[in-house]
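# Return a 3D structure for these sequence lines:
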Amino acid sequence: MRKSLVPNITLIALATSYFIQIGAGVFALAMIGRVVSAAPPRSLIMLQGEYGYNSSAFWQIVPPITGALFLLAIIANWRTQRRGLLLSAFVVFALVGAATVVGIEPIFASVVAGGYSDTVDPILQGRAANWYLLDWGARCVDVIAGVTLLAALTRPAAKRA
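Down below sits the predicted model:
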């Protein structure tokens with residue numbers, strides 16, 4: 001493979017992986033998160049049982065792949081005009097990931113910890129609404145980083161002068 005193609009291929013692979021991750025997050029919130037946060041613990045039924053919704057395998061696999069692609073794209077594009085945009089997008093990716101692991105996911109875990117009950121708990125409902133809003137905020141920030149990657153693709157892969 002020609003060396004000049006490597007920066008483009010790594011950046012395209014990164015953007016693809018990142019937008020797959022963003023799409024999965026938006027889908028999960030729009031379809032699953034909306035229902036789960038509506039009336040917990042009653043609305044937690046969709047997470048229960050042998051065939052309950054569980055996307056943990058996706059979230060354990062795709063973000064590390066995206067992180068690795070970030071590193072490859074940064075290395076391949078280090079001497080190009082894209083470096084600043086890639087580093088900015090990576091910082092956002094890392095900060096949103098850290099905020100999700102440290103702040104957002106523990107809230108979600110506390111909402112689902114008690115499991116299903118045929119009641120609605122207003123305190124739990126408030127906590128679920130907080131989680132839902134924070135997660136949407138994180139996804140919006142993810143989109144900003146994704147657009148930054150697309151902007152990087154508009155820059156030439158030629159070496160800096």
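
# Just give me the longest helix of this protein.
Identified as the longest helix of the chain according to DSSP state H is helix 122-153.

# where does that helix sit relative to the chain's centre, distance-wise?
Chain-centre distance of helix 122-153: 8 Å, with CA atoms, centre = their mean, to the nearest Å.

# what about that helix, average pLDDT?
For helix 122-153, the mean pLDDT works out to 97.

# which helices and strands does that helix pack with?
Using 3 or more CB pairs under 8 Å, 6 or more residues apart in numbering; DSSP states H and E, the elements in contact with helix 122-153 are helix 5-27, helix 83-99, helix 105-112. Placement of C-beta: from N, CA and C, glycine included.

# In the longest one, which residues are buried?
Applying a neighbour-count criterion of 16 or more other CB atoms under 10 Å, one finds 6-8, 10-11, 13-15, 17-19, 21-22, 25-26 buried in helix 5-27.

# How about the second one?
By neighbour count with 16+ other CB under 10 Å, helix 83-99 contains the buried residues Arg83, Leu85, Leu86, Leu87, Ser88, Ala89, Phe90, Val92, Phe93, Val96, Gly97.

# Equivalent analysis for the last one, please.
Residues of helix 105-112 classed as buried by neighbour count (16+ other CB under 10 Å): Phe108, Val111, Val112.

# Make CSV out of these and add distance to Leu44.
Shown next, in CSV, are the buried residues of helix 105-112 (distance: CB to CB, whole Å):
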residue, distance to Leu44
Phe108, 11
Val111, 8
Val112, 6
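
# does Ala89 really touch Leu149, like I thought?
Yes - with contacts counted by CB atoms under 8 Å, Ala89 reaches Leu149, the gap being 5.2 Å.

# any common contacting residues for those two?
Residues touching both Ala89 and Leu149 (CB atoms under 8 Å, 6 or more residues apart in numbering): Tyr18.

# hang on, the earlier thing: the helices and strands packed on helix 122-153: which one's closest to Ser43?
helix 105-112 (9.7 Å; CB to CB).

# Return the closest one as PDB; C-alpha atoms alone will do.
C-alpha atoms of helix 105-112 as PDB (Å, rounded to 0.1, in the frame of the first residue of the first chain):
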ATOM      1  CA  GLU A 105     -22.900   4.900  34.100                       C
ATOM      2  CA  PRO A 106     -22.900   4.800  37.900                       C
ATOM      3  CA  ILE A 107     -26.200   6.700  37.800                       C
ATOM      4  CA  PHE A 108     -27.600   4.200  35.300                       C
ATOM      5  CA  ALA A 109     -26.300   1.300  37.500                       C
ATOM      6  CA  SER A 110     -28.100   2.700  40.500                       C
ATOM      7  CA  VAL A 111     -31.300   3.100  38.600                       C
ATOM      8  CA  VAL A 112     -31.300  -0.600  37.400                       C
END
